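Trainee: sequence and predicted model, in that order:
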Amino acid sequence: MATISLSGLAKQMKELDICMMITNTKRGGMNCRPMSNNRDVTYKGDSYFFTYEQSAKIKELEANPAVCLSFEGKDEMYISVAGKAKLIRKKQAFGEHWQDSLAQWFKDGIDTKGMVLVHVKGSAIKYWQREKQGSISLAKKKRG
């Protein structure tokens, strides 16, 4: 079984714009929807997504920040990222992650009313590509 490093995986993720974000519902179910990662993938375990404050995903993430991101890439590459979401409402942070292509959903750019930035801090990655498969832990080890 061949393995891929985090930097090798990041190179492949630069080509991936859309992933499926899976959140947990109040009733124990799961919701899945496509999200643009803004091609913001100098990937070290952090993913950023813009959305609207009033969306169902925000209510779900406030109740349970556990999230899974599912990516599909070229050459039969599949990536799953498990992590926790943090909601960012500071306009200054919006500018750090904004891409002009997002204007199709947010007409006023970083000044769009009701916009929130979802920061997913990955803790574990699993990947599959033909005969290659593996996992990468992103969790920080505690010193003791």
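Mentor: Looks like it came in fine.
Trainee: low-confidence ranges in this protein?
Mentor: Scanning the chain for pLDDT under 70 picks out the ranges 1-2, 38-42, 140-144.
Trainee: 90 - rerun?
Mentor: For the chain, applying pLDDT under 90 flags the ranges 1-18, 26-28, 36-47, 73-75, 77, 90-93, 95-103, 129-133, 135-144.
Trainee: the residue positioned nearest the centre of the chain and residue 29, how far apart?
Mentor: Compute the mean C-alpha point of the chain, and by Cα atoms, centre = their mean the closest residue is residue 47, 3.9 Å away. Per Cβ to Cβ, to the nearest Å, residue 47 is found 23 Å from residue 29. Backbone N, C-alpha and C define where each C-beta goes, glycine included.
Trainee: which one is the residue nearest to the centre of the chain nearest to, not counting chain neighbours?
Mentor: residue 120 (4.4 Å; Cβ to Cβ, 6 or more residues apart in numbering).
Trainee: show me what the one you found is bridged to.
Mentor: Taking DSSP bridges, one finds residue 47, residue 85 as the beta-bridge partners of residue 120.
Trainee: show me what contacts it?
Mentor: For residue 120, the contacting residues are 21, 46-49, 67, 69, 81, 83-86, by Cβ atoms under 8 Å, 6 or more residues apart in numbering.
Trainee: got the residues you listed as TSV, with distance to residue 109 columns?
Mentor: Below are the contacts of residue 120 laid out as TSV (distance: Cβ to Cβ, whole Å):
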residue	distance to residue 109
21	22
46	22
47	20
48	15
49	16
67	25
69	24
81	27
83	27
84	27
85	23
86	22
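Trainee: could you turn the buried ones of those into a ChimeraX selection?
Mentor: Applying 16 or more other Cβ atoms under 10 Å to the contacts of residue 120, the buried members can be selected in ChimeraX as follows:
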select :21,46,47,48,49,67,69,81,83,85
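Trainee: tell me the SS of the nearest residue to residue 134 once chain neighbours are set aside?
Mentor: Among residues not flanking residue 134 along the chain, residue 3 sits closest, at 4.6 Å (Cβ to Cβ, 6+ apart). Secondary structure assignment for residue 3 (DSSP: H, G, I helix; E, B strand; the rest coil): coil.
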